[in-house]
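1. just a sequence and a predicted model for now, questions to come.
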Amino acid sequence: MTIKMYKSYWRSVSKALLAALLLSSFVCNGFARCCMKSNDLGEKLRKAAKAGKLEKVKKLVARGADTRSSRAQVVNAEYNMGATTVLHAAAYCGHLDVVRCLVEHGAKHDATNKHGKTPLDLAAQYRHQEIVDYLEKVGRGHLSVGASKNR
């Protein structure tokens, strides 16, 4: 291989690598940003639930119910490619008031994440006993929640 052929070869390889990098960048960043914009409300709701911002969660649920068919759809929307729900995030982070709010607005207390864990499982795993007690009562039917507020 001559030096001229060697340089030509590396130019073509570097162009192919650059194209691959640009494509992967779009797939990993651009596409994700595009999808997040369409689900901006869900992302804001997830962040507010994780941070324990009850008033913000209430406002976002109300705003979502105005634009979608029901509050239950808003609070049960999955994020992270279907890996988990907003209730999982609130239970994981230990925010009982947010968990109550979400359940009262129709969040499925028995929804599973991609690892087969429910919000109750996460609350137990991270030792959030008040949330465990609350979700167990909901699961046993000792609390009437979500039925009238879904619509």
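-> Cool, got the structure.

2. mind telling me what element the closest residue to Ala124 other than its chain neighbours is part of?
-> Leaving out its chain neighbours, the residue that sits closest to Ala124 by Cβ to Cβ, 6 or more residues apart in numbering is Val132, at 5.1 Å. Where you see a C-beta, it was placed from the backbone N, CA and C, and this is true even at glycine. Using DSSP states H and E, Val132 maps to helix 129-140.

3. packing partners for that helix?
-> If you count contacts as 3 or more Cβ pairs under 8 Å, 6 or more residues apart in numbering; DSSP states H and E, helix 129-140 packs onto helix 96-104, helix 119-125.

4. which residues in the chain form strands?
-> With strands called from DSSP state E, the chain shows them at 78-79, 84-85.

5. any idea which of those gets closest to Gly139?
-> Evaluated over the strands of the chain, closeness to Gly139 peaks at strand 84-85, with 15.6 Å, by Cβ to Cβ.

6. quick one: mean pLDDT for the closest one?
-> Average pLDDT, strand 84-85: 88.

7. let's have the helices and strands packed on helix 129-140 in TSV, adding distance to Lys50, mean neighbour count and mean pLDDT.
-> Output for the helices and strands packed on helix 129-140, formatted as TSV (distance: least, Cβ to Cβ, whole Å; neighbours: other Cβ atoms under 10 Å; pLDDT from 0 to 100):
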stretch	distance to Lys50	mean neighbour count	mean pLDDT
helix 96-104	9	23	96
helix 119-125	12	22	96
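
8. shaky segments in this protein?
-> Scanning the chain for pLDDT under 70 picks out 1-39, 65-69, 80-82, 144-151.

9. hang on, the earlier thing: tell me the contacts of the residue nearest to Ala124?
-> Taking Cβ atoms under 8 Å, 6 or more residues apart in numbering, we find Val132 in contact with Leu120, Ala123, Ala124.

10. nearest to Arg140, of those?
-> Leu120 (11.3 Å).

11. any idea how far the closest residue to the closest one other than its chain neighbours is from Arg127?
-> Distances taken as Cβ to Cβ, 6+ apart place Leu135 nearest to Leu120, at 4.3 Å, with adjacent residues excluded. For Leu135, the distance to Arg127 (Cβ to Cβ, to the nearest Å) stands at 14 Å.

12. alright, that wraps it up for me.
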